[in-house]
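J.: Sequence isn't available, so here's the structure alone:
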């Protein structure tokens, strides 16, 4: 599947069963059922292509490897992020939902706990996603980074609640409960003028 994101495209290809990682210097990024598939943007219109680019760039800046997996059996952020951590050779994973909500998780933590949680998707920026990737990579190296600073807007919840609920409903409709996690390869592209109809 391919998501069109302005001038960029993002596809996740080469699906194969997700296996536990053997590298101690890796972070696993888990995407939710509808990410860059049914949806192509976060709740505030950040392209999924740009979001994934930034997270992976943050990981790579720390000289840590990254793998991507797709979770189809749940749209619960804690489940998505914990699955990433359990499959990561370092025990560190990142989960992200289509609307942009994110979490850094660790394999030996309870599912509903996490290292860092980013619940207010309307306040997420591309810089925040890059720092999430960087922090996850630092955890993977055994370091203790300063938590990524997040904005807090008490009005964000009431202002975005209806749209968030609708996006969650649509994401949940993409669930396939019997599907196991699959490892995927992100492929970034640019739209040609022909594809844009110009």
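T.: Yep, that arrived. Treat the numbers as computed from the prediction; the structure is a model and nothing was measured.

J.: Show me where the protein dips below the pLDDT cut-off.
T.: Applying pLDDT under 70 to the chain flags the ranges 1-7, 191-198.

J.: Which stretches in it count as strands?
T.: 2-5, 8-17, 26-31, 65-70, 92-96, 102-106, 116-118, 182-190 (DSSP state E).

J.: in the helix ranked longest in the chain, what counts as buried?
T.: Scanning the chain for the helix with the most residues, using DSSP state H, yields helix 156-172. Judged by neighbour count (16 or more other CB atoms under 10 Å), helix 156-172 contains these buried residues: 156, 160, 164, 167-168, 170-171. Using the backbone N, CA and C atoms, a C-beta is placed for each residue, glycine as well.

J.: Look up how far residue 43 lies from residue 159.
T.: The gap separating residue 159 from residue 43 is 11 Å, by CB to CB, to the nearest Å.

J.: go on, residue 171?
T.: 11 Å.

J.: likewise residue 152?
T.: Going from residue 152 to residue 43 by CB to CB gives 16 Å.

J.: Comparing these two, which shows the higher neighbour count?
T.: Per other CB atoms under 10 Å, whichever of residue 152 and residue 43 has more neighbours is residue 43, with 22 against 8.

J.: The more buried one contacts residue 167, correct?
T.: Yes: the criterion here is CB atoms under 8 Å, and residue 43 meets it with residue 167 at 6.1 Å.

J.: can you list residues touching both of those two?
T.: residue 99 (CB atoms under 8 Å, 6 or more residues apart in numbering).

J.: Can you give me the end-to-end span of stretch 19-38?
T.: 25 Å (CA to CA, to the nearest Å).

J.: what's near enough to touch residue 116?
T.: Per CB under 8 Å, 6+ apart, neighbours of residue 116: 103-104, 132, 135, 147-148.

J.: and if we set it to 10 Å?
T.: The contact partners of residue 116, by CB atoms under 10 Å, 6 or more residues apart in numbering, come to 81, 94, 102-105, 131-132, 135-136, 139, 145, 147-148, 150.
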